[in-house]
Structure formats: C-alpha cells, structure tokens
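Chemist: when you get a sec, could you give me coordinates for this:
(one chain, ligands or ions: 2)
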Amino acid sequence: MDNLIQVGGLVVDRSGQRVVDGIGFDVPSGSLTGLIGPSGSGKSTVMRCIAGVQKHAGGLVKVGGYEAGSRMARGLVGYQPQRPAVYLDLTVRENLSYFATMIGVGASGVSEAIDRVSLGGEASRCVERLSGGQVARVSLAIALLGSPSVLLLDEPTVGLDPVLREDLWRLFATLAAQGTALVVSSHVMDEAERCERLLLLRDGRLLADAAPSALKAETGTTDLDSAFLAVIRTRRV
Ligand SMILES: Nc1ncnc2c1ncn2[C@@H]1O[C@H](COP(=O)(O)OP(=O)(O)OP(=O)(O)O)[C@@H](O)[C@H]1O
Ligand SMILES: [Mg+2]
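Modeler: Numbering: from 1, shown residues only. Ligands and ions are numbered 1, 2, ... in the order given. Prediction:
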C-alpha cells in the first residue's frame, strides 16, 4: 500500500459548526508532509480524523487501506496530540512502559523511544516535575513506540529550544527516509521549510498542496512566510 493515508471529501462538524469542509489528500510511505494554516483552520481536527479519534460527517479517511479508527488502522498509527496525553503522577519510563504494554512493545523499545527524544537523563523523573517541552517529548516518545508506519505529530516542537528542534527535525527526516509516512503540523515557517510537501489549510479547506519551493515560486516570494501570507490573502476556495 503506497498511499498509507487516504483522505477524500472529508467533512467534520464540531459543536454544530463545519470546521473541515471537503478536504482530500493522500500521503505515501517514506514522506514528510507539513500541515500548516492559521489557528483554528482545522489542522488538529484533520489529524484527529486520521488517528481515528474524531467523528466525521462525510468523506473517507483510511490508513493502510483500513478505515481510520479501526483496530487495524490504529495499529499502524503513532499520534502525538497537541495537548500531551500523559500520566502526570508516573515517571517518564513508567508512562512509556504503560503504553508499550498496550501495544506489545518490550523494554528495549521503551528505552529506544526515550533516547530518540533525548530524555535519557529524565527517565526516572515524575512527569509532573518536568518542563513543558520535556512533557511534549514524553508524548512524542509515546507516539514513536513500536516504530509505527504512520506518525501524526501535532505541533511536536512547541516550547523547544533551537538545538532540540533541530534534533527532532533530523529524526523526522530519518524516519521518512526509513519509510514512515509523517504528517507534522506547525506554525513555524522555518520548520515548514523542512517538509517535502505542505498542505495549507484555511477555514477547514485545503488552499495549497505543494512543495515549499513550488509554493514560493507560484507566489513569486522568496520566503515561506511571505508565500503563506500571499496564499492566505489571495486564494479563494
Ligand atoms: N473540542 C472542540 N469542540 C468544538 N469545537 C472545537 C473543538 N476543538 C476545536 N474546535 C473548533 O474546530 C475548529 C478547528 O480547530 P482545530 O483545533 O482543528 O484548529 P487548528 O488548526 O489545529 O488550530 P491551532 O493552530 O490553534 O492548533 C476551530 O474553529 C475550533 O474552534
Ligand atoms: Mg491545533
């Protein structure tokens, strides 16, 4: 299955409002796709649909050919929600071990995930005593457990310093090179630049689906910030 993620004609209503309005895109294995757009444009909602934790009113969402949210689809997905879903009263390692047990990953897989997010020194600390950026990395490590084929990372680098961000983006590129399909949301344009493809959302619609270089060329701009503004201001859908 080359297109690990398939989204077609996706429509989502939340609290009676249409927040995703007919979005479609496919994501192949071995790729790094950025999901960008203004606050409230629907990035997290689209990710939640792919993760299978958000009902949709119309369209299709499939992972590895299986209906999103089904047992088979969930088994393929690692998801880091925007708000970390971790146990504050457990240590870093205990959190990882808890989720690892549920998906059949052993102790070596736990240690590997902790190392990948550079939390080795914090493994025995209680999560409620960690900084915001450290908690976010615990949540990322949980998503990485078991080396899933699809990784959905909702603003994974918020609150991190430039060195850690650099490390994580290098990790994302490595995982893509190894065959993982990654979808990463971000507000930060220098991060969007690192994606091979960008999906630009506004008001629950897909305004652009292009490589960063193509987006700049199409808008006659030299930086992604300007390209983003040009698309947001001029494109009507
Ligand atoms: N729990 C919720 N209940 C009802 N509506 C919600 C809920 N969460 C988000 N929404 C609405 O859905 C729309 C899309 O929100 P979403 O969180 O997907 O946006 P986003 O692009 O991820 O924004 P941000 O960049 O701020 O994270 C917004 O209009 C928001 O108000
Ligand atoms: Mg969001």
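Chemist: residues contacting the spatially closest residue to G75 that is not a sequence neighbour?
Modeler: Once flanking residues are discounted, G75 sits nearest to I103: 7.6 Å by Cβ to Cβ, 6 or more residues apart in numbering. C-beta here means a position set from N, CA and C on the backbone, and glycine is covered the same way. With contacts defined as Cβ atoms under 8 Å, 6 or more residues apart in numbering, I103 is in contact with 75, 145-146.
Chemist: point out the residues in the chain that sit beside ligand 2.
Modeler: Residues of the chain found near ligand 2 (Cβ under 5 Å from the ion) are 43-44, 82.
Chemist: ranking those residues by neighbours, who comes first?
Modeler: Within those, most neighbours by other Cβ atoms under 10 Å means K43, with 25 neighbours.
Chemist: output the below-cut-off pLDDT ranges for the chain.
Modeler: 1, 236-237 (pLDDT under 70).
Chemist: ok, which stretches of it are strands?
Modeler: Here the chain has its strands, by DSSP state E, at 3-14, 17-28, 31-36, 58-63, 66-67, 77-80, 150-154, 181-185, 197-202, 205-210.
Chemist: could you restrict the residues of the chain next to ligand 2 to the ones contacting ligand 1?
Modeler: Among the residues of the chain next to ligand 2, proximity to ligand 1 is found for 43-44, 82 (Cβ under 6 Å from any ligand atom).
Chemist: just the ones of the residues you listed in helices?
Modeler: Of those, the ones assigned to helices by DSSP state H are 43-44.
Chemist: I'd like the ones next to ligand 1 among the residues of the chain next to ligand 2 written out as TSV, with distance to G64 added.
Modeler: Putting those into TSV (distance: Cβ to Cβ, whole Å) gives the following:
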residue	distance to G64
K43	22
S44	22
Q82	24
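Chemist: okay, the strands of the chain, which one's buried deepest?
Modeler: strand 181-185 (a mean of 26; mean count of other Cβ atoms under 10 Å).
Chemist: now for that one, which elements pack on it?
Modeler: strand 3-14, strand 17-28, strand 31-36, helix 43-51, strand 150-154, helix 162-177 (3 or more Cβ pairs under 8 Å, 6 or more residues apart in numbering; DSSP states H and E).
Chemist: among the ones you listed, which is nearest A113?
Modeler: A113 sits nearest to helix 162-177 of all these, at 11.1 Å, using Cβ to Cβ.
Chemist: next, the angle from the closest one to strand 150-154.
Modeler: Computed with axes from the mean of the first three to the mean of the last three Cα atoms, to 10 degrees, the direction of helix 162-177 lies at 150 degrees from that of strand 150-154.
Chemist: buried set for helix 162-177?
Modeler: For helix 162-177, the neighbour count (16 or more other Cβ atoms under 10 Å) marks 164-165, 167-169, 171-172, 175-176 as buried.
Chemist: what's the farthest-apart pair in those residues?
Modeler: Longest span within these, Cβ to Cβ: L164 and A176, 18.8 Å.
Chemist: next up, the contacts around the nearest residue to G132 once chain neighbours are set aside.
Modeler: Leaving aside its sequence neighbours, G132 sits nearest to G159 (Cβ to Cβ, 6+ apart; 4.6 Å). Neighbour list for G159: 131-133, 136 [criterion: Cβ under 8 Å, 6+ apart].
Chemist: and ligand 1, which of those residues reach it?
Modeler: Okay, of the contacts of G159, nothing touches ligand 1 (Cβ under 6 Å from any ligand atom).
Chemist: show me how to select, in ChimeraX, the buried members of those residues.
Modeler: Selection of buried members from the contacts of G159 for ChimeraX, criterion 16+ other Cβ under 10 Å:
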select :136
